[in-house]
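Asker: sequence-free structure coming up:
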C-alpha cells in the first residue's frame, strides 16, 4: 500500500491542471437528515467528473519517472475515464487511443472524440480489454481506469482538497462517503483521510445490482460478476474491483449497497436541492448515508462528507431518472 | 420611469439577504457560437431563482417608507414568485398568504409551504387574482410578481451584480439577454445596464407560444393572451406584461420569440454543459442569442451576457425535457 503522504505530493503535482471544485451545503438536507452534510461536487471538475484527476496524474507521474511524456496512450472505458484520458492527453500533447464498447452512451463517445482522442468502438467489453492489452505491448502506455497507483492517487486529491477546506473551517468529518466502481476513488480517498483526518470513518457505497465489491469483502477475496450490471449508476458497472484497490477497500469502515429505486430517488433530490447536475453514480452515496444515520446509536449531530463523482448524464438516462416523481413524495 | 441609480440603492438595501450568484463561462459554448458568452446563474439564488430579489426588496422598501414591515402580505403565483414571497416573509417575520392555482406544480406548492406561508389553492387563475385583490383591500400588502417598482428594482440587481463583476474584469457586454414573463426582470435589467453599461444592447426573449410581449410591442399597446400558454417555459406563462413594465420593454433593442423545440434543445445543452440545473424559462434566452448571432453583420467576437432565471424544474417537466435526445444531434 502507498503512503498517505503521497496524496499531498500528487496534489501539488496536478493542482495547476485542475479546477478547484466546491463544497456545497444545503440547509434543507441538513434539516431533513439531522446532520451537517458537505457535498464535494466533482461535476465542476474538467470533463465533468473526478476521473480527470487520475488521468492527468498518470501522465505527469510518468513524465517524472521517465523525464518525458509517453508517446502514445491507450485506455478502455465506456464513460468518464475515456473523456478524462482524452482531455489530459490533449492538454499535454500526447496521442491517445480509447476503446469504447459500441453500446456505450453516444453523448460520452461524442465528448471523448471532442477532446481529440482516436476512438475505436469495440463489439464488446472483452474485445476492448483484449485490444488494450495488445496495444500496451506495442508501445502504447496504458492508463487503467482504477487499478493503477498513479490513477488512484489522482482520484484521492478530491477528498484531500475537501478535507483541507473543511479543516480551514475547523470541521472534522465523522464519516466520508464515496461510490465504489473499481475502487480507485475510495482507495485514494482512504489515503487522503489517513493523511489529514485519520479519525474520520470512511464508507463505500455500491449499487445493489452491481455488488461485486460487497461480495468480495464478505468473501475475503475478489469476486467478479459474470455479466456487467445495467445499474443506472453507470460509473459503478465494473464487474470487479482491482488487485490494488481491493487492499484499500478492506480498510473501509463499511460498504453499503443501494437499490436502483433509492439511487433514482436520491438523484432526483440531489439535483433538485443542490441545483447542480448530479449523476446517478454520485447519488448512490446518499443511500449509504441514510443507512449509516439509521444505524447511529445517538442523535448527536455529525459532520458527513459526501463525495459526488460528477455530473455527466446522457438523455436516455435522464429519461429513466425522471420517469416517476419522487419529489412530491413525503419528504 | 425610475432612475437607473435606484438600482444601486436597491442593491445596497438587499445585498446582505442575497446569495451572490456566479457567472459561468464554457469554452464549449464560446467555441460553438464564436463569441464569449457569460451566464449569470440565478439557480444558486435563494429559492433557486432571481425572484427572491424582488420579494425581499418589496418588504424592505415598505419598511423604509413606513418605518415598519407590513403586518401581512398576499401574493399570487404559480411558481417562483410564490416561493420568493414565502421565504422573504419568513426571514423578516411577516405573515404571508399565497394563492396558487390548483393545477400548479406540486413541487412548487410543497416548496412554498415549506417556507412557512399560508397556501390557498384556487380553482383558477382568475379566482386567485380576485381573491388577492380582495385581501389587498383588507389589510394585506400585495406583492405583485412583476408590475411593481420595488419588485422590478429587486430583480434588476441580478444584472447589476453581473455587470459589476464583468466590469472588474474589464469586460463590456455587447448584448444582454433575459427572458420575458411579465417583464419585471427585463425592466430592472434595463435600468441596471443604463446605470453601468449604457452602451450594451439589451434583448428580451419569449416563448413563441406565449408571445404577448412581442405582439404588444408590435401593436404599440398591451395585448393580453385569451388563455394562458402551456409553454414549457413556465416562468413566461403570464398572459400579459404590466403597465409599468411595458414602458421599459419599449426601450429594448429587440425581442426574440423562440419555439418550444428550441427551448427544449437549449435546456438540454445548458444543463449538459454548464453542470447546473437550468430551467426552461432560462433556456429561452439561448434561442434569442442564436438569432442575434445569425443577424450580426461581421464576425467580430462579441461579449454576450445571458441572464439565467433559475433552476427549479419539477419532475413532470424534466420528463418532457428529456423525451427526445438533442445532445447527440449534430452540435
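Answerer: Ah, there it is. Quantities reported herein were computed from a predicted structural model and do not represent experimental measurements.

Asker: tell me the contacts of residue A:321?
Answerer: A:232, A:264, A:267-268, A:280, A:313, B:318, B:322 (CB atoms under 8 Å, 6 or more residues apart in numbering or on different chains). Backbone N, C-alpha and C define where each C-beta goes, glycine included.

Asker: For residue B:129, state which of the residues you listed is nearest.
Answerer: residue B:318 (28.9 Å; CB to CB).

Asker: The closest one: neighbouring residues, count only.
Answerer: 24 (other CB atoms under 10 Å in any protein chain shown).

Asker: hmm, back to that, pull the most distant pair out of the contacts of residue A:321.
Answerer: Greatest spatial distance among these (CB to CB): A:232 and B:318, at 14.8 Å.

Asker: residue contacts, residue A:159?
Answerer: Residues near residue A:159 by CB under 8 Å, 6+ apart: A:40, A:176, A:178, A:188-189, A:192-193, A:305, A:307.

Asker: Got the phi and psi for it?
Answerer: phi -60, psi -40 (degrees, to the nearest 10).

Asker: before we move on, the earlier item: just the ones of the contacts of residue A:321 in strands?
Answerer: Within these, no residue falls in strands by DSSP state E.

Asker: Which of the residues you listed fall in helices?
Answerer: A:264, A:267-268, A:280, B:318 (DSSP state H).

Asker: re the thing from before, kindly reformat the contacts of residue A:159 as CSV containing neighbour count and pLDDT.
Answerer: Shown next, in CSV, are the contacts of residue A:159 (neighbours: other CB atoms under 10 Å in any protein chain shown; pLDDT from 0 to 100):
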residue, neighbour count, pLDDT
A:40, 24, 98
A:176, 29, 98
A:178, 32, 98
A:188, 33, 98
A:189, 31, 98
A:192, 29, 98
A:193, 24, 98
A:305, 28, 98
A:307, 25, 98
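
Asker: If we only consider those residues, which is nearest to residue A:56?
Answerer: For the contacts of residue A:159, the residue nearest residue A:56 by CB to CB is residue A:188; the value is 13.4 Å.

Asker: Could you report the separation of the closest one from residue A:307?
Answerer: Distance of residue A:188 to residue A:307, given as CB to CB, to the nearest Å: 10 Å.

Asker: same thing with residue A:165?
Answerer: On the measure of CB to CB, residue A:165 and residue A:307 end up 13 Å apart.

Asker: Please apply the same query to residue A:182.
Answerer: Separation of residue A:182 from residue A:307 (CB to CB): 15 Å.

Asker: same question, residue A:103
Answerer: 28 Å.

Asker: which bits of chain A sit near chain B?
Answerer: A:43-44, A:48, A:106-107, A:110, A:268, A:271-272, A:275-277, A:311, A:313-316, A:318-319, A:321-328, A:331 (CB under 8 Å from any CB of the partner chain).

Asker: Keep only those of the residues you listed that are in helices.
Answerer: With DSSP H as the criterion, helices contain A:106-107, A:110, A:268, A:271-272, A:315-316, A:318-319, A:321 from among those.

Asker: and those, which two are the farthest apart?
Answerer: Using CB to CB, the two most remote members of these are A:110 and A:272, lying 27.2 Å apart.

Asker: Mind checking which of the two has more residues around it?
Answerer: In terms of neighbours (other CB under 10 Å), residue A:272 is the more surrounded of residue A:110 and residue A:272; the figures are 22 against 17.

Asker: Let's have the contacts of residue A:159 in JSON lines, adding distance to residue B:259 and secondary structure.
Answerer: Formatted as JSON lines, these follow (distance: CB to CB, whole Å; DSSP: H, G, I helix; E, B strand; the rest coil):
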{"residue": "A:40", "distance to residue B:259": "39", "secondary structure": "strand"}
{"residue": "A:176", "distance to residue B:259": "47", "secondary structure": "strand"}
{"residue": "A:178", "distance to residue B:259": "42", "secondary structure": "strand"}
{"residue": "A:188", "distance to residue B:259": "47", "secondary structure": "helix"}
{"residue": "A:189", "distance to residue B:259": "46", "secondary structure": "helix"}
{"residue": "A:192", "distance to residue B:259": "49", "secondary structure": "helix"}
{"residue": "A:193", "distance to residue B:259": "51", "secondary structure": "helix"}
{"residue": "A:305", "distance to residue B:259": "44", "secondary structure": "strand"}
{"residue": "A:307", "distance to residue B:259": "40", "secondary structure": "strand"}
